[in-house]
Every structure is written in structure tokens, then in C-alpha cells.
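In: what follows is a predicted protein model with its sequence.
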Amino acid sequence: MFKIQSSILLIFFSVNALAQKSDIAIPMKNGKVYYEKSYDLNKNLKQERLFNHILSWFKQDSPNTEKIKISADKQTGEIAASGIFKIVTSSTGNYYLVRFAINIKVYDGGYTFIANSFYEKPIESGISNEYSKIEYRWWDYRQGKPWSTEDETLFKGIASDETALMASLESQMK
């Protein structure tokens, strides 16, 4: 009897571990997709100069991204914006629009970049074309229950595009 119970528990934990394993790196905070990174640059760089460089970056085009400036407050060093990724998920033309918020806090010698509030909108026939929180889909995917065969491509696209966006700003600031 003990052997049977042990075997059942071993199988349960093995299957559960496989379902939760994902090689896609999407950071989370409090159950939400949340990218955050602080950049300490030259401590002699003043907030105003860095702030202007970041505003300049927002005016540039980035691959696969549309950035829309929402507000910028020079006094506080805060910039709030939204971004949209277009992630193509199939050869048939299906794609997703992934909308997210960008918040940047600029200070003397550096800045902190945060991207959060991610929403996905599928663009394909037969699917509702409304935005919904990405966390529901991401949770199911990590549990081994993808919503569609395109989920892996979608999540790899989010991780890749967000990392590229952050690298683009980092490059601009050097």
C-alpha cells in the first residue's frame, strides 16, 4: 500500500513540475507581469539631461513597437507612457497586439524603468478582438494548459520584445 501511495505522489509531483516549467523568462510581481530595472549611470549626469535623452528615445521608432508618450514631468523626473507590441504568431497572419504601461523615474546619475499592466488582443478570425489581461493566459500556459498553439510564440515574443525595448533605451542612455 505504501509503495502505491508513494508512486502516485511521485507521478503527481512529476507531472505538476513539468506543467509549471517554462524556459520563457517573464518576470512577475504580485501575480502580475512586471519588468523593472534600475540603471546607475555616471553619477555626474544631471536629471534634466537624462530626462531629455529619454524623451528623445520615445520619439524614435523601435522594431515591433509603437510607443505613445502620455505624460512627462520634468520637476519630478517621471515619464508615463504606453507601448504596443505587434507579435506575429503564425504564418497565416495571426498576430497579437500587446499593450502595456511604461513608467520611468529619472534621477541624477540614473533612472528606473518599469513596464507593467500587460494586455493582449488576438487578431485572428473567430477570436474576440478585445484586450484582456495577459496574466490569465500566462498562468494557464505555465500550468501546461495553453489556450492555443500560438501561446509559446506569443510569450517568447513578449519576453524578447520587452528585453529589446529596455536594451534600446539603455543603448540610448550610454
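Out: That came through fine. Numbering: from 1, shown residues only.
In: ok now do the residue nearest to Gly31 when sequence neighbours are not counted, which residues does it touch?
Out: Excluding its sequence neighbours, the residue lying closest to Gly31 (C-beta to C-beta, 6 or more residues apart in numbering) is Glu135, at 6.5 Å. Placement of C-beta: from N, CA and C, glycine included. Listed by C-beta atoms under 8 Å, 6 or more residues apart in numbering, the contact set of Glu135 reads 28, 31-33, 118.
In: doesn't Glu135 lie inside a helix?
Out: Yes: the assignment for Glu135 (DSSP: H, G, I helix; E, B strand; the rest coil) places it in a helix.
In: can you give me phi and psi for the residue nearest to Lys46 when sequence neighbours are not counted?
Out: Spatially, and ignoring its direct neighbours in sequence, Lys46 is nearest to Asp108 (5.7 Å; C-beta to C-beta, 6+ apart). Asp108 adopts backbone torsions of phi -60, psi 120, taken as degrees, to the nearest 10.
In: is Asp108 in contact with Glu48, as I believe?
Out: No: counting by C-beta atoms under 8 Å, Asp108 stays clear of Glu48, with 9.2 Å between them.
In: residues shared between the contacts of the two?
Out: With C-beta under 8 Å, 6+ apart, Asp108 and Glu48 have no common neighbours.
In: so which of these two has more stuff around it?
Out: Asp108 (15 against 12; other C-beta atoms under 10 Å).
In: distance of the more buried one from Lys37?
Out: Going from Asp108 to Lys37 by C-beta to C-beta, to the nearest Å gives 18 Å.
In: may I see the buried residues of the longest helix along the chain?
Out: Taking DSSP state H as the criterion, the chain has its longest helix at helix 151-173. For helix 151-173, burial by neighbour count (16 or more other C-beta atoms under 10 Å) applies to 151, 153-159, 161-162, 165-166, 168-169, 173.
In: just checking, what packs against that helix?
Out: strand 35-40, helix 47-59, strand 78-88, strand 95-107, strand 110-123, helix 134-142 (3 or more C-beta pairs under 8 Å, 6 or more residues apart in numbering; DSSP states H and E).
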